[in-house]
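> next come a sequence and a model predicted from it.
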Amino acid sequence: MNKIKKTDLYDKGTMWVILLACLSIALAMLLTGSLSYNITKKAVIQKLKDKDLFFIVQSAASKIDGRMARAKETSLMMARDPFFNEWVSKGESDVNTRKLAVEKLNRIATEYDYSNTFLASARTYTYWAEGEVVGKLSAANPQDVWFFQTIQAKTPISVNIDYNKERENTFVFVNALMGDPAQPLGIAGVGLDLNDISKEFSSYRFGEIGTIWLVDRLGKIHLAANLEDQGGQLENLLPLDICEMVLSDTQSIDRPGVMEYRNADGELIDLVHQTLESTDWKLVIQVPRKETIGFLTSIMTNTIFAALLALVLVTLVFYLVSTRIANPLKRAIRLSEELERQVNERTQVLKEQNIKIMDSIDYAKKVQETIIASDREMLEAFKDSFVLWQPRDVVGGDFYWLRKLDNKVILAVADCTGHGVPGALMTMAVAPILNHIVQEGCHTTPGEIIRELNLRIKSALNNKGSRITDDGLDIGICLIEANTLVFAGAKIDLYHKNQERVMRIQGERQSIGYERSDFDQIFRDTRVEIGEKDSFYITTDGFLDQNGGPKNHSLGRRRFISLIEECSKHNCEEQLNLFKLTLRDYQQEEPQRDDITVLGFQI
């Protein structure tokens with residue numbers, strides 16, 4: 001018996017296949033990991049700039065602005081208090097009144113949690129603080145200059161902010177003029193320190209080595225997450241050009257300013273700054289880029305380790321499958337036959353499911369057609385008319401609706417959110433609401449009907465307190481009575497062709513039913529006197545926005561108006577054919593983008 005060689009157990013071709021497969025998998029893992037890392041890194045940086053830094057700087061700014069706003073309200077309350085005004089106007093001489101005034105000053109400081117409250121008289125130049133006389137104010141004393149400058153400025157309320165180096169704290173004094181600002185009796189106000197906010201600054205920092213500062217317009221640091229920075233200059237902590245850009249930016253009160261730079265060590269630093277609403281001071285936050293994306297290094301390491309482990313396991317599995325199990329060729333043939341059988345079974349299942357789905361959609365189309373005005377209703381309502389109703393799918397979000405009430409005709413054309421089945425479901429929700437509004441008879445003009453429809457749809461879509469999707473519609477409504485037509489629209493216009501020209505009657509530029517739609521929006525009614533041979537046209541945006549032509553642009557409103565002028569001399573049946581032909585020639589091979597509805601009529 002011949003001895004079997006060890007090399008006979010292995011198929012060289014199979015081994016090459018295994019090697020090629022392993023290399024392909026390794027390359028795919030490498031590319032996937034690299035792509036994922038770069039995408040994640042870009043997303044993290046974008047989120048940092050667009051959200052995280054904005055949130056932090058706005059939170060800290062609102063904290064300080066809120067404290068300042070409350071202090072201003074309290075100071076104005078004191079300055080307008082009749083008791084304080086009368087006391088100061090009489091020279092603060094009455095002992096009993098003085099006692100009550102002192103108690104009131106102390107009570108305001110205690111109840112409102114201020115460092116102190118004060119009154120400074122322009123009659124006696126007496127300065128009252130914390131319920132006692134601190135001293136007499138003098139124009140010769142540099143420390144009293146604030147008083148005389150505030151009196152001369154005649155500004156009802158002003159703010160002084162001062163950093164006390166000895167106490168390592170920032171104090172804010174809010175000054176309000178007492179009595180008539182043109183001839184003030186004195187100044188009343190409160191003083192507060194921002195020490196508690198300074199302690200909270202560490203919680204606003206992004207990461208371990210980011211920092212945050214509150215600086216004045218000259219760059220002096222009054223509050224900082226790192227206490228040793230307080231009292232210093234911003235130019236000593238930032239590059240000079242970056243510092244100048246931060247201090248000179250006057251636009252950051254509405255939206256924080258964001259920038260990046262490299263420090264002396266070559267590290268990339270992200271920086272955001274915002275001007276406070278209550279003063280012209282700025283909040284400045286910076287964080288090293290490595291701090292925000294440091295966790296990506298861990299992700300990369302774990303990904304490489306997982307890829308190597310997966311590669312080893314895949315190689316082992318390939319080796320075992322190809323060398324330890326029966327003839328690979330026979331297994332491949334059997335596998336191919338099994339796959340073919342499964343594909344045929346799945347194909348048959350998908351075919352049956354597709355038939356069921358199409359049957360359901362066809363039935364849905366019949367259901368949707370029940371809310372659309374019939375040809376008979378259109379013939380009874382108008383002298384002549386045509387309708388081009390062409391959903392992008394079998395069913396869609398466009399519908400047209402008509403009701404006759406006594407000697408009036410109400411016609412509506414609407415474009416609901418979405419296409420296909422979702423859009424059709426929206427039309428089935430809107431039509432009953434429209435029916436109910438008209439049948440009630442409480443809303444007699446198109447503008448009132450649209451406004452009520454907006455309110456009811458918003459209420460219906462928010463009946464559980466929240467919206468999963470933001471849905472709504474555009475709509476135009478005509479009310480025709482005798483020789484008068486009244487029109488109102490929500491992002492749908494009416495086109496009026498008379499003997500001379502085509503006039504566009506615009507609806508409001510707001511859709512209805514959406515979460516952002518205004519509850520109080522008024523929809524203006526436009527009245528038109530109908531002349532002999534006048535024609536009217538109304539369309540959703542599907543016809544206007546259909547792309548095509550030599551440059552693949554939208555068909556547009558100007559071409560639509562030219563088409564009306566060209567075809568208005570024909571009867572409505574010929575007009576319908578001209579609209580269809582124009583759309584087909586312009587669209588060419590481009591797919592239909594949206595549901596299309598065009599309706600024309602003569603009274």
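Now that the structure is in, tell me what you want to look at.

> may I see the buried residues of the helix or strand hosting Gln149?
In this structure, Gln149 is located in helix 145-153 according to DSSP states H and E. Buried residues in helix 145-153, defined by neighbour count with 16 or more other CB atoms under 10 Å: Trp146, Phe147, Thr150, Ile151. (Glycine included, C-beta is placed from N, CA and C.)

> tell me which element Lys580 falls in.
helix 572-587.

> buried ones in that helix?
The neighbour-count check on helix 572-587 (16+ other CB under 10 Å) flags Cys572, Gln575, Leu576, Phe579, Thr582, Leu583, Tyr586, Gln587 as buried.

> tell me the gap between the very next helix or strand once past that helix and the middle of its chain.
Heading C-terminal from helix 572-587, the first helix or strand you meet, by DSSP H and E, is strand 596-602. Centroid displacement of strand 596-602 relative to its chain, using CA atoms, centre = their mean, to the nearest Å, is 35 Å.

> outside of strand 596-602, which residues touch it?
Contact partners of strand 596-602, identified using CB atoms under 8 Å, 6 or more residues apart in numbering, comprise 378, 381-392, 398-400, 411, 413, 415, 533-540, 542-543, 546, 572, 575-576, 579, 583.

> show me which positions of stretch 85-99 end up buried.
Asn85, Trp87, Val88, Glu92.

> residues contacting the second one?
By that I understand Trp87. Trp87 makes contacts with Asp94, Thr97, Arg98, Ala101, as judged by CB under 8 Å, 6+ apart.

> name the next helix or strand downstream of the worst-scoring helix or strand of the chain on mean pLDDT, please.
Ranked by mean pLDDT, DSSP states H and E, the weakest helix or strand in the chain is helix 195-204, scoring a mean of 62. As assigned by DSSP H and E, the chain's next helix or strand after helix 195-204 is strand 211-215.

> what's the following helix or strand after that following strand?
The first helix or strand that comes after strand 211-215 along the chain, using DSSP H and E, is strand 221-224.

> could you list every helix and strand in contact with that next one?
Applying 3 or more CB pairs under 8 Å, 6 or more residues apart in numbering; DSSP states H and E, one finds that strand 221-224 contacts helix 195-204, strand 211-215.

> hey, C-alpha coordinates of stretch 89-101 in PDB?
Extracted C-alpha coordinates of stretch 89-101, given in PDB (Å, rounded to 0.1, in the frame of the first residue of the first chain):
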ATOM      1  CA  SER A  89     -36.200 114.100  49.000                       C
ATOM      2  CA  LYS A  90     -36.600 115.200  52.700                       C
ATOM      3  CA  GLY A  91     -32.900 114.800  53.400                       C
ATOM      4  CA  GLU A  92     -33.100 111.500  55.300                       C
ATOM      5  CA  SER A  93     -33.500 113.600  58.500                       C
ATOM      6  CA  ASP A  94     -36.500 111.900  60.200                       C
ATOM      7  CA  VAL A  95     -35.300 109.300  62.700                       C
ATOM      8  CA  ASN A  96     -38.400 107.000  62.500                       C
ATOM      9  CA  THR A  97     -38.400 107.100  58.800                       C
ATOM     10  CA  ARG A  98     -34.600 106.300  58.800                       C
ATOM     11  CA  LYS A  99     -35.200 103.200  60.900                       C
ATOM     12  CA  LEU A 100     -37.900 101.900  58.500                       C
ATOM     13  CA  ALA A 101     -35.600 102.700  55.500                       C
END
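
> now that stretch: how far from the chain's centre is it?
The answer for stretch 89-101 is 56 Å, by CA atoms, centre = their mean.

> what pLDDT, on average, does it get?
On average, the pLDDT along stretch 89-101 is 85.

> list the contacts of that stretch.
By CB under 8 Å, 6+ apart, the list of residues contacting stretch 89-101 from outside reads Phe83, Phe84, Trp87, Leu119, Ser121, Arg123, Thr124, Thr126, Trp128, Gly179, Leu185.

> can you flag the buried ones in those residues?
Neighbour-count burial (16+ other CB under 10 Å) applied to the contacts of stretch 89-101 gives Phe84, Trp87, Leu119, Ser121, Thr126, Trp128, Gly179, Leu185.

> the last one and Asp280: what is the separation?
To Asp280, Leu185 is 28 Å away according to CB to CB, to the nearest Å.

> kindly report the same for the third one.
To Asp280, Leu119 is 27 Å away according to CB to CB.

> dump the buried residues of helix 572-587 to JSON lines, plus pLDDT and distance to Pro432.
Converted to JSON lines, the buried residues of helix 572-587 look like this (pLDDT from 0 to 100; distance: CB to CB, whole Å):
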{"residue": "Cys572", "pLDDT": "93", "distance to Pro432": "29"}
{"residue": "Gln575", "pLDDT": "94", "distance to Pro432": "31"}
{"residue": "Leu576", "pLDDT": "95", "distance to Pro432": "29"}
{"residue": "Phe579", "pLDDT": "96", "distance to Pro432": "30"}
{"residue": "Thr582", "pLDDT": "94", "distance to Pro432": "35"}
{"residue": "Leu583", "pLDDT": "94", "distance to Pro432": "31"}
{"residue": "Tyr586", "pLDDT": "94", "distance to Pro432": "36"}
{"residue": "Gln587", "pLDDT": "93", "distance to Pro432": "34"}
